[in-house]
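# Let's see this in three dimensions:
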Amino acid sequence: MPSVFSQIRSLPPKSQIKIYCVLVVVTSLFAVLSMRSIQGYTQPNPLQMHGLEGRLTGWSEAWSYDQSLMRMGVRFRLPGEREDQRRTVYVPKDVLQSSQLSEKANVSLLVERMPEDVIVREMHSLDGQLLFDDGLLKHVVLVSDERAQRGLVVSVLMAVLSLLAAGVTWWRHLKTPSDHATTH
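Below you'll find the predicted structure:
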């Protein structure tokens, strides 16, 4: 089975250039998506913290980037607001198993209210067991950002290589005498 690149090279030069340009656009879009998913860790501001009660929103799944963590949703309402907030938290598997929480359990939360977002900084079971804290949040953000940065580098590299391939193909097409021969 021929490779994708050998199939592209078997096409006429104009078709090759179009395909390479489409690859530039697609990989550039992936680069933008990767860049937008970089969160950056924000140090907590104790003056903006609120203790509240929340509820798990359903059972969890293993986090694909770190299988020792379970990803789950938590729902809570900020004081003075009508609508519930929903956020994702991460709990180590062993802690989750030892806590014996039900999938819709009530939990105690420490959240930080920021102008543009609300961040869950801690989550405890109602009997006081620590399930999630800011150190774990920092780990999750750093791992997620590292993955996003890798995706960004790969996407930019693919966009540049596709652009170079389009340029080389265009240059060769200009240099080919049979395509531009004039009749005498």
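
# which residues in the chain form helices?
Assigned by DSSP state H, the chain shows helices spanning 4-9, 13-36, 93-99, 134-175.

# Which residue is the nearest non-sequential neighbour of the most centrally placed residue in the chain?
Of all residues in the chain, the one closest to the mean position by Cα atoms, centre = their mean is Ser37, 4.6 Å from it. Setting aside the residues directly before and after it, Ser37 is nearest to Ala148 in space (Cβ to Cβ, 6 or more residues apart in numbering), at 4.5 Å. The way it works is simple: take the backbone N, C-alpha and C, and place the C-beta from them, glycine included.

# burial of the spatially closest residue to Leu152 that is not a sequence neighbour, as a residue count?
Distances taken as Cβ to Cβ, 6+ apart put Ser34 closest to Leu152, at 4.0 Å, once the chain neighbours are dropped. Other residues near Ser34 come to 19 when the count uses other Cβ atoms under 10 Å.

# Same question for Met72.
Other residues lying near Met72 total 23 when counted by other Cβ under 10 Å.

# Surely it is in contact with Val89?
Yes: Met72 lies in contact with Val89 (Cβ atoms under 8 Å); the separation is 6.1 Å.
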